[in-house]
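In: Pasting the sequence and the predicted coordinates here, then a few questions.
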Amino acid sequence: MLATLIYRSRLNQTLDPSQLADLVQQASLRNAQVQVTGILLFDGEYFLQVLEGSLASVNAAYARISQDTRHGNVVELLRDFAPCRRFVDMGMVLFDLRVMQPSLVLRKILRFGTLKYKLASNDRVYKFIRNFIASPNGNGGVRNTSPEQWQFTIKTSPFASEAPLFAEQPCQFAFQPIIEPLRGNISSLEALIRGPNGGSPQEYFSTIAPNKLHEADLASKGWALAMARRLGIGNHKVAINLLPMSLVKIPGAVEILLNHITRNQLNPGQIIVEVTEDEVISGYEEFTWAIRQLRAAGIALAIDDFGSGFAGLSLLAKFQPDKLKIDRTIVTDIHLHGPKQAIVKAIIDCCAELQITVVAEGVEKIEEWCWLEAVGIQRFQGFLFARPMLNGVSAINWPQRLTRKD
Ligand code: C2E
Ligand code: MN
Ligand code: MN
């Protein structure tokens, strides 16, 4: 099967046209041995390369490029399969846009197309090439800071690192901060349910009879808030997770929640309820009603796990929450992945238009955070900054920009 891969990267050094030609020749020879062919465009700073060959050879070539220190910001833009090569089997053809006319480049590229493939101007790969040529600065490349520009400092949080449990507590909670790293601000603490032995939410809920699930879910929020108080929550915010149907199936759910809030001397404005699309569909009318009540009481709403398959555009179309949390599956390796980048940019645009605050969850790598900061996200949750801590809040890892010593 013939695989196609397109990536964009940024050159870490300066190269004059002859050096570039040498470099490409070396790479072409290596690629020829494994029958990887394609097109390479260079605009003086960014590369766009189309690789064609067997899946294994294309992957091997791409792995080598990703490791090559001359390339920075290597971002995968397209992976696809094709019935045959788009470009004539003649190695890697270089187009140096510093010395070639864009219109000539495009004409040549169309001419390079194999007759068999009938490369046409509506071909997706060709459109990537055309777009790269038309828009300077690497065609959508984000100028993120490099990880080396940051240094992390661990600071204890203003909360207790451990709070004593209540004698009758059936479940426990791990708390994880959501922070604004560059402001040094803790936006909220998320309460994540744990079983009596520290087991996961799934494990805990599996011990509960299905007909008691929503009741237990709602009741557990009383414990979450009581623990938050014991941790010294002060004026900070607490995010709690609720199955949407817990708000629907339990009569007076919002009142019960409000009681938990006031009993723990908290204010509804400090509470954020996080929901996913999981069950919403089955009780849409009642859910809408519950949400209205939450909003009327001053409680904020967040759509959790946005983009995970459970929380998607249909939920956002029905409810515009205060916050939208981008799921970890999209955040992971975002700095390497063009399609994820395009999705996150669209989410950011959409949320900016609707005045919804975006939170990125599951941030584990400094590169992920650098990219997300660069596109304008300010709130983050993830192991990079702080792990959830059972009945407590861990110290927080705050990034600081290193001042350059010139
Ligand atoms: P969630 O609300 O999306 O919570 C975030 C989950 O991601 C937590 O998993 C947290 O431990 C994990 N996490 C945070 N940062 C990172 C990271 O950087 N890397 C990785 N790999 N994971 C990270 P947890 O605690 O296992 O919770 C799983 C899910 O269970 C939660 O996802 C939430 O949907 C649900 N849940 C938690 N507490 C409750 C609750 O009280 N009621 C209900 N109905 N669901 C709950
Ligand atoms: Mn959550
Ligand atoms: Mn989530």
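Out: Received it, and whenever you're ready, just let me know what you need. Ligands and ions are numbered 1, 2, ... in the order given.
In: what about the helices in the stretch 301-406 of the chain?
Out: Using DSSP state H, counting those that start in this stretch, the helices of the stretch 301-406 of the chain run over 313-318, 328-331, 338-354, 366-374.
In: Apologies, that question was intended for the chain.
Out: 17-33, 55-67, 102-112, 124-134, 201-206, 213-230, 246-249, 253-263, 284-297, 313-318, 328-331, 338-354, 366-374 (DSSP state H).
In: For Glu364, grab the count of nearby residues.
Out: 15 (other Cβ atoms under 10 Å). For glycine as for every other residue, the C-beta is placed from the backbone atoms N, C-alpha and C.
In: In contact with it, which residues?
Out: The contact partners of Glu364, by Cβ atoms under 8 Å, 6 or more residues apart in numbering, come to 332, 382-384.
In: do the same with Met1
Out: With Cβ under 8 Å, 6+ apart, Met1 has these contacts: 54-55, 81.
In: same thing but 10 Å
Out: Counting by Cβ atoms under 10 Å, 6 or more residues apart in numbering, Met1 touches 54-55, 81-83.
In: for Arg10, same thing?
Out: 45-47, 70-75, 137-138, 141, 143.
In: can you tell me how far it sits from Asp333?
Out: Distance, Arg10 to Asp333, by Cβ to Cβ, to the nearest Å: 17 Å.
In: Could you pick out the residues of the stretch 201-350 of the chain near ligand 2 for me?
Out: Counting by Cβ under 5 Å from the ion, the stretch 201-350 of the chain comes close to ligand 2 at 241, 274, 304.
In: near ligand 3 too, which of these?
Out: Applying Cβ under 5 Å from the ion to these, those adjacent to ligand 3 are Asp304.
In: Most neighbours among the residues of the stretch 201-350 of the chain next to ligand 2, which one is it?
Out: Ranked by neighbours (other Cβ under 10 Å), these are led by Asp304, which has 27 neighbours.
In: Make sure Ala3 is actually in contact with Ala56.
Out: Yes: applying Cβ atoms under 10 Å as the test, Ala3 and Ala56 come out as touching, 8.6 Å apart.
In: and those two? which has more neighbours close in?
Out: Ala3 (19 against 10).
In: Show me the beta-bridge partners of that one.
Out: On the basis of DSSP bridges, Ala3 is bridged to Gly53, Phe81.
In: Quick check: it vs Pro321, distance?
Out: Taking Cβ to Cβ, one finds Ala3 at 40 Å from Pro321.
In: Quick check: of the contacts of Glu364, which lies closest to ligand 3?
Out: Nearest to ligand 3 among the contacts of Glu364 is Gly382, at 10.6 Å by Cβ to the ion.
In: now do the same end-to-end measure for stretch 37-46.
Out: Start and end residues of stretch 37-46 are separated by 19 Å (Cα to Cα, to the nearest Å).
In: If we go by neighbour counts, what in stretch 239-253 is buried?
Out: Neighbour counts using 16 or more other Cβ atoms under 10 Å place 239-250, 253 of stretch 239-253 among the buried residues.
In: domains in the protein, as residue ranges please.
Out: Listed domain ranges for the chain are 2-134, 147-401 (source: automatic domain parsing).
In: need the residues of the chain near ligand 1, please.
Out: By Cβ under 6 Å from any ligand atom, the part of the chain that sits against ligand 1 consists of 174, 176, 192-193, 200-201, 217, 220, 241-243, 274, 304-305, 328, 361-364, 381-383, 388.
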